[in-house]
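A.B. asks: could you work out the structure for the sequence below:
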Amino acid sequence: MKIVGVGIGPGMVTPEVAGVIQDAGLVYGSPRALELAAEHITCEARTIEDYSRLHELPPEAVVLSTGDPNLSGLGKYAGPSDVVIPGISSLQTACARMKIDQTMIVVVNAHGRNPTSAAVKFRLAITSGSTIFLFPDPNFGVDEVVSILESIRLDVPIAVLEKLGYPDEHIEVGTLENPPSAASQLYCMIVGSALENDLNI
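C.D. replies: Predicted coordinates:
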């Protein structure tokens, strides 16, 4: 099985991944992943019904992962004989948009996680002085970030980056007093002092 990253928006499929998809005999992916790779698919494409059973797919299957498979993607399901091919991630794109070196970032994934656990990880990282890239969740997003920052009396910039890579991409940077808002579920966040030069966005 090959697990390939199809990027986070239209036109972000790399040439290597495009070639693998075009040569595939069977492709699996989420509806969004299949849409992002549609122009390269020349065979039967199936929607993944149960991600925990990816290991049961035929060895010749090509599995599409939005973004990069190893950044909160499907790479975690790869077995010893599987191949993982990277894609353009939301972290890469967000750091490029905000002109932040990726080595300055700590990733916190709240998506589908216990909100208490996500809060603990976020608090530890932000109090250590790190700038955080956050995968939010309906139970852990802007409001929860603001609440944590208020509780530790830390006023650092907060950025919401929505629909990265899409024509209606939107980025808003705010403060603890005037935090940004998210209008859709397709967003990520950067929180921390590395954003201080972007408060005029």
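
A.B. asks: centre of the chain to the helix or strand where Ala119 lies, how far?
C.D. replies: Following DSSP states H and E, the helix or strand that holds Ala119 is helix 115-127. Centroid separation for helix 115-127 versus its chain: 18 Å, with C-alpha atoms, centre = their mean, to the nearest Å.

A.B. asks: that helix packs against which elements?
C.D. replies: strand 105-109, strand 131-135, helix 142-151 (3 or more C-beta pairs under 8 Å, 6 or more residues apart in numbering; DSSP states H and E). Where you see a C-beta, it was placed from the backbone N, CA and C, and this is true even at glycine.

A.B. asks: 6 Å - rerun?
C.D. replies: If contacts are counted by 3 or more C-beta pairs under 6 Å, 6 or more residues apart in numbering; DSSP states H and E, helix 115-127 sits against strand 105-109.

A.B. asks: direction included, what does the strand it packs on pair against?
C.D. replies: Strand 105-109 sits in its sheet next to strand 131-135 (parallel), going by DSSP bridges.

A.B. asks: pull the CA atoms of the partner strand into CSV?
C.D. replies: Taking Å, rounded to 0.1, in the frame of the first residue of the first chain, the C-alpha atoms of strand 131-135 are listed here in CSV:
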residue,chain,number,x,y,z
THR,A,131,4.8,29.4,19.4
ILE,A,132,2.1,26.8,18.7
PHE,A,133,0.6,25.5,15.5
LEU,A,134,-2.8,24.1,16.6
PHE,A,135,-5.1,21.7,14.8
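
A.B. asks: now do Ile171 against Ile88, distance only.
C.D. replies: Using C-beta to C-beta, to the nearest Å, we find Ile171 at a distance of 17 Å from Ile88.

A.B. asks: more neighbours, those two?
C.D. replies: Using other C-beta atoms under 10 Å, the more surrounded residue of Ile171 and Ile88 is Ile88, with 22 against 18.

A.B. asks: where's that one, which helix or strand?
C.D. replies: Following DSSP H and E, there is no helix or strand that holds Ile88.

A.B. asks: wouldn't it be in contact with Val13 here?
C.D. replies: No: using C-beta atoms under 6 Å, Ile88 makes no contact with Val13, being 8.5 Å away.

A.B. asks: okay, and the common contacts of those two?
C.D. replies: Jointly contacting Ile88 and Val13 under the rule C-beta atoms under 6 Å, 6 or more residues apart in numbering are Gly7.

A.B. asks: circling back: what residues of the helix holding Ala119 count as buried?
C.D. replies: Ala118, Ala119, Lys121, Phe122, Arg123, Ala125, Ile126 (16 or more other C-beta atoms under 10 Å).
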